[in-house]
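Enquirer: based on what follows, work out the 3D shape:
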Amino acid sequence: MIPQRLARVAELIKRQISSIIQQDLQDPHLGFITVTKVTVTRDLKQADIWISIMGDAAAQKASVDTLSRAQKHIRELLAGRVELRYTPALRFRLDKSIEHSSHIAEIISRLKKEEGWDNQ
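Expert: Predicted coordinates for the structure are as follows:
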C-alpha cells in the first residue's frame, strides 16, 4: 500500500475518532482530549491513536484508561463511519509532545533572562 493512502486513512480515522470522543462518549472520567496523531500499520489492522489530555498525570491516566476500556465500542462506532475492509484495532497512546515543547520553551526563556538576551 502506498504511503499516501496510509496517510489519508490515518487522517480519516483521526477525524472520526475525534468526533466520536467529543460527541458520542459521555464518560465523566474523560478530560479535555485532543487527538494529535494517528499511525496505522501497512495492513491497516492496527491504529495507534495519539492523544493529548489537559490536566495532571492522574487525570491523564484516568482518561487513557477509560478510552482503552471503551476501545471496542469506539471501534464499532468507527466501523459504521468509515468504509474499510478491516476496521483497525485501536491503541490509545498519551502524546506528551505539547508538554515537552512547553518545558523547552520555559528553559529557553529562563536562559535568555539569565544571559540578558531578552532585553536586546
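Enquirer: for the chain, which helix or strand comes out least confident on mean pLDDT?
Expert: helix 97-115 (a mean of 79; mean pLDDT, DSSP states H and E).
Enquirer: distance of Ser19 from Gln26?
Expert: Taking C-beta to C-beta, to the nearest Å as the measure, Ser19 falls 14 Å from Gln26. The C-beta positions use only the backbone N, C-alpha and C, and glycine is treated the same way.
Enquirer: who has more neighbours, these two?
Expert: Summary of the neighbour comparison: Ser19 and Gln26, criterion other C-beta atoms under 10 Å, with Ser19 having more neighbours (14 against 6).
Enquirer: how about the strands of this protein, start to end?
Expert: Assignment of strands within the chain using DSSP state E yields the ranges 33-40, 46-53, 89-94.
Enquirer: need those in CSV with mean pLDDT, can you?
Expert: Output for the strands of the chain, formatted as CSV (pLDDT from 0 to 100):
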stretch, mean pLDDT
strand 33-40, 94
strand 46-53, 94
strand 89-94, 94
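Enquirer: can you tell me which of the ones you listed is nearest to Gln4?
Expert: Across the strands of the chain, Gln4 has its closest neighbour in strand 33-40 (12.7 Å, C-beta to C-beta).
Enquirer: right, I'll leave it there.
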